[in-house]
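J.: Pasting the sequence and the predicted coordinates here, then a few questions.
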Amino acid sequence: MQTETKKVAMVTGANTGVGYQIAKSLAENGYTVYVGARNIDKGVIAATEIGEQSKAIQLDVTDARSIDAAVKQIEGEAGYLTLLVNNAAISHAGTPERTMQEVLGAQRASIAPIDEMKIVWETNVFGTLAATQAFLPLLRRAEKARIVTVSSALGSLTLNANPTNPYRSAFDAVYGASKTALNGVFLSLAIDLADTNIKVHLVSPGFTATALNNFQGTDTVEQGSIEPIRVALSEDLPTGSFTGPAHYAGADKAVPW
């Protein structure tokens with residue numbers, strides 16, 4: 001463990017949407033930010049827009065070689081990580097350019113194609129954990145470190161078990177349930193790392209208009225980024241937290257599991 005003089009963050013899926021807004025805010029608040037992108041060219045464009053505090057890095061969380069290369073690059077350049085933001089995710093693996101309603105209709109548990117379900121879970125659950133495990137040695141080198149994972153209230157079993165929940169019908173077996181699994185895995189990680197220097201947080205941006213839902217969300221990217229940015233910048237939150245926007249999570253912003 002070392003006492004770092006500079007805060008260093010890695011944000012996955014940071015070339016667009018909520019990930020981009022998080023990376024931009026971190027850079028504005030003094031972090032050196034690695035802008036993760038599957039397509040390095042898109043990452044370079046995003047990092048150039050964010051400014052000199054940021055640097056593009058190629059990262060595909062479903063590719064072990066890509067993960068290893070990113071870890072080695074950051075280890076060689078910075079030596080440690082203060083913050084890992086897991087933002088990369090996909091909503092479906094079927095026909096592109098469908099409406100959100102069409103995607104959700106095709107991903108109901110009774111008919112969801114298992115091969116497409118595996119592809120989505122490979123990114124949203126297994127890939128996210130694989131990248132996190134790979135970056136843990138760099139996080140352990142920081143005096144105080146945090147892992148912030150962008151999830152969704154759509155994955156809340158408590159909310160979806162309530163028949164009065166207006167978003168209940170959107171809880172599908174592919175994307176929605178992948179967020180349930182993600183929540184479980186990272187709550188497990190919070191428990192696992194409870195006695196270490198690393199805190200673990202989950203955060204929901206709300207129903208944000210991004211490529212995940214074909215830009216059909218009710219909140220703008222700027223609105224949806226408010227809570228993820230707050231959590232990413234907060235250093236005193238209790239580990240194992242799961243929060244979301246106050247307009248649906250309540251005054252304390254806690255999202256039920």
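T.: Here it is on my side, so go on.

J.: Grab the nearest non-local neighbour of the spatially most central residue of the chain.
T.: Residue closest to the average C-alpha location in the chain (CA atoms, centre = their mean): Asn87, at 2.4 Å. Nearest residue to Asn87, sequence neighbours excluded (CB to CB, 6 or more residues apart in numbering): Gly19, at 3.7 Å. Where you see a C-beta, it was placed from the backbone N, CA and C, and this is true even at glycine.

J.: now Ile229
T.: Of all residues beyond its chain neighbours, the one nearest Ile229 is Ser25 (4.6 Å), with distances taken as CB to CB, 6+ apart.

J.: for that neighbour, what are its contacts?
T.: Applying CB atoms under 8 Å, 6 or more residues apart in numbering to Ser25 gives the contacts Ser225, Ile229, Ala232, Leu233.

J.: CSV for those, including secondary structure and neighbour count?
T.: As requested, these are exported to CSV (DSSP: H, G, I helix; E, B strand; the rest coil; neighbours: other CB atoms under 10 Å):
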residue, secondary structure, neighbour count
Ser225, coil, 25
Ile229, helix, 24
Ala232, helix, 26
Leu233, helix, 16
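
J.: Could you verify that the residue nearest to Ile229 is part of a strand?
T.: No: using DSSP: H, G, I helix; E, B strand; the rest coil, the secondary structure at Ser25 is helix, not a strand.

J.: for this protein, what's the longest helix?
T.: Using DSSP state H, we find that the single longest helix of the chain is helix 175-192.

J.: Now do the buried residues in that one.
T.: Within helix 175-192, the residues scored as buried using 16 or more other CB atoms under 10 Å are 175-183, 185-187, 189-190.

J.: Which SSE is immediately downstream of it?
T.: strand 198-203 (DSSP states H and E).

J.: Now do that following strand: which elements does it pack against?
T.: On a contact count with 3 or more CB pairs under 8 Å, 6 or more residues apart in numbering; DSSP states H and E, strand 198-203 meets helix 128-140, strand 145-150, helix 175-192, helix 226-233, strand 241-243.

J.: mind redoing it with 10 Å?
T.: Judged by 3 or more CB pairs under 10 Å, 6 or more residues apart in numbering; DSSP states H and E, the packing partners of strand 198-203 are strand 83-86, helix 128-140, strand 145-150, helix 175-192, helix 226-233, strand 241-243.

J.: Redo those as a markdown table? Include mean pLDDT and distance to Pro256.
T.: Below are the helices and strands packed on strand 198-203 laid out as a markdown table (pLDDT from 0 to 100; distance: least, CB to CB, whole Å):
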| stretch | mean pLDDT | distance to Pro256 |
| --- | --- | --- |
| strand 83-86 | 98 | 21 |
| helix 128-140 | 98 | 21 |
| strand 145-150 | 98 | 17 |
| helix 175-192 | 97 | 10 |
| helix 226-233 | 95 | 15 |
| strand 241-243 | 96 | 8 |
